[in-house]
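Chemist: Below is the structure, and that's it, no one-letter string:
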């Protein structure tokens, strides 16, 4: 019987593809093995005043994390995320001038009331001064 080289190569490729498709990265075993290392931090940790890198490389850690997440499990070893940055971008002088313009507009709305209060205080001071002067003249 004559075998075609293409036919044998096709079967070999199919068997290799089937083996690769069935192979899963053994993340469960790796997770158990490196559990202590992963809980120490993302990049490393301080021990007795010296910096110790993790026993697992960042590339393998990322691959393990990806496999765990793809399998639908949760990955508790990521550090807590910081709050979003609330500082605004741009020039400070632009923000301050906009705030000043807004405050000026607000104060202009209150201006008639403020002027009335000022006139009332001024009138009261004038009346008090006149009363004090009248008392002094009576006492003399």
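Modeler: Nice, thanks for sending it over. Since this is a predicted model, take the numbers as computed values, not measurements.
Chemist: Pop out the phi and psi values for residue 51.
Modeler: phi -80, psi 130 (degrees, to the nearest 10).
Chemist: Please name the residues that touch it.
Modeler: Counting by CB atoms under 8 Å, 6 or more residues apart in numbering, residue 51 touches 44, 45. Just so you know, the C-beta spots here come from the backbone N, C-alpha and C atoms, and that holds for glycine as well.
Chemist: Can you give me the pLDDT of it?
Modeler: pLDDT, residue 51: 88.
Chemist: bridging residues for it?
Modeler: Residue 51 forms beta bridges with residue 46, as assigned by DSSP bridges.
Chemist: mind checking how far it is from residue 109?
Modeler: Distance from residue 51 to residue 109, counting by CB to CB, to the nearest Å: 60 Å.
Chemist: low-confidence ranges in this structure?
Modeler: Across the chain, the ranges flagged by pLDDT under 70 are 1-25.
Chemist: Could you chop it up by domain?
Modeler: 25-78, 105-140 (automatic domain parsing).
Chemist: Any chance of a markdown table for those, columns distance to residue 93?
Modeler: Below are the domains of the chain laid out as a markdown table (distance: least, CB to CB, whole Å):
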| stretch | distance to residue 93 |
| --- | --- |
| domain 25-78 | 39 |
| domain 105-140 | 19 |
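Chemist: Pick the most deeply packed of those.
Modeler: domain 25-78 (a mean of 13; mean count of other CB atoms under 10 Å).
Chemist: and that one, how far from the chain's centre?
Modeler: A distance of 23 Å separates the centroid of the chain from that of domain 25-78, by CA atoms, centre = their mean, to the nearest Å.
Chemist: and if you look at stretch 122-130?
Modeler: With CA atoms, centre = their mean, you get 59 Å for stretch 122-130.
Chemist: coming back round to it: and the domains of the chain: which comes nearest residue 97?
Modeler: Closest to residue 97 of these, according to CB to CB: domain 105-140, at 12.8 Å.
Chemist: Can you give the distance of the closest one from its chain's centre?
Modeler: With CA atoms, centre = their mean, you get 54 Å for domain 105-140.
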